[in-house]
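# fold the stuff below for me.
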Amino acid sequence: MNKQQLIEHMATETGLSQTAARGALDALTRCIAKALAEGDKVQLVGFGTFKVTERAERMGRNPQTGKEIKIPASKTPSFTAGAELKKEVNGR
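Sure, this is the predicted structure:
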């Protein structure tokens, strides 16, 4: 499902217009991104938790040359599914 299909589905499920559904989806993603950028986690009970994990600096290899390179430390967003989402995916 791509973003447009999700918007159409949200509009159908909620009775909102597609424009309003797009606005709601965009607001949700902006809010989650802002919270993560500020170091917070976003927990949607039953659905899951968005959080930031830190990756340590490490050594890697350039696949074209085989030369070792230093990969800098970074932060990356992650998602952990909640119990209700897991049940839904598993058909329970």
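# what's the local residue count around Pro77?
13 (other C-beta atoms under 10 Å). All C-beta spots, glycine's among them, are computed from the backbone N, C-alpha and C.
# could you verify my assumption that it touches Thr49?
No: with contacts defined as C-beta atoms under 8 Å, Pro77 does not count as touching Thr49, sitting 11.0 Å away.
# quick one, what contacts Glu54?
Ala73, Ser74, Lys75 (C-beta atoms under 8 Å, 6 or more residues apart in numbering).
# can you list the domains in the chain?
Per automatic domain parsing, the domain ranges recorded for the chain read 1-38, 41-92.
# most tightly packed of those?
domain 1-38 (a mean of 13; mean count of other C-beta atoms under 10 Å).
# need the helices for the protein, in chain order.
Using DSSP state H, the helices of the chain run over 3-14, 18-37, 83-89.
# and those helices as TSV, adding mean pLDDT and distance to Gly60?
Formatted as TSV, the helices of the chain follow (pLDDT from 0 to 100; distance: least, C-beta to C-beta, whole Å):
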stretch	mean pLDDT	distance to Gly60
helix 3-14	97	32
helix 18-37	97	25
helix 83-89	95	33
